[in-house]
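K.L.:
Need a 3D model of the following:
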Amino acid sequence: MSGLPKIDLIPGWDCYDWRNARTILEHGHSSEWRDIIDVLGAFRLRHSDIAKKGGRKSPISAAVDGQFYDRGWSEKKFETAILVDGNRRDSPTHKVDCFREKTALEVEWNNKDPFYDRDLNNFRLLYDLRIADVGVVVTRSFELMDDLQHDKFGLGRDTAGTGSSTTHFGKLEAKVVGGGAGGCPVLVFAMTSALYVDDRRRNE
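P.N.:
Next up is the predicted model:
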């Protein structure tokens, strides 16, 4: 099984294109495309954010989501249903982290890797219903996961939550290539260690 085609888009990010997602975004949803390039291009992985303990959402995921919300994107849940011989069965989708104009974007910083199955299945459903034209996943590269696991950035605490069973591109690739998103085009942005900024001194 061949892997996802890698493309050169934003410094510090490993980017992968599945089913011509880039072309669809760049030419069919140019405003959303510019938002993605601008938000991720300005993103930095700050030591202070990695060190913070998140609640429902990690500071890193919240920082990325917040930039999209400021640009008019929103968290979105779709109320869908299946109708068979007049019998209706509600089948609501999971919430999409960021949605605008048929572009669905999920941020997976440090969840368990089955969250990828949920995200990709959501993309498949929304694409089949013609609600979304493309799915975007923002996640970690395997390199970054490995650096976190080995405490390259001097967090000085237990790194068990950054193990190989958590969300990183190495876990996502096979799921996309294996058809997890159905026919939905998918663009993946995997953050690398090049985005790391040590801001400890300025915060003292």
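K.L.:
Distance check, Asn121 against Thr23.
P.N.:
To Thr23, Asn121 is 24 Å away according to C-beta to C-beta, to the nearest Å. The C-beta positions use only the backbone N, C-alpha and C, and glycine is treated the same way.
K.L.:
what about the nearest residue to Leu129 once chain neighbours are set aside, neighbour count?
P.N.:
Once flanking residues are discounted, Leu129 sits nearest to Thr80: 6.6 Å by C-beta to C-beta, 6 or more residues apart in numbering. Thr80 has 13 neighbours, counted by other C-beta atoms under 10 Å.
K.L.:
Would you confirm that Thr80 contacts Thr93?
P.N.:
Yes. With contact defined as C-beta atoms under 8 Å, Thr80 reaches Thr93; the gap is 5.9 Å.
K.L.:
Give me the common contacts of the two.
P.N.:
Contact criterion C-beta atoms under 8 Å, 6 or more residues apart in numbering; residues shared by Thr80 and Thr93: Leu125.
K.L.:
Double-check that Val138 belongs to a strand.
P.N.:
Yes. Counting by DSSP: H, G, I helix; E, B strand; the rest coil, one finds Val138 located in a strand.
K.L.:
Tell me what it is bridged to.
P.N.:
Listed beta-bridge partners, Val138: Val107, Phe189 (assigned using DSSP bridges).
K.L.:
do Phe99 as well
P.N.:
Ser74, Ala104.
K.L.:
In contact with it, which residues?
P.N.:
Listed by C-beta under 8 Å, 6+ apart, the contact set of Phe99 reads 73-76, 105, 132.
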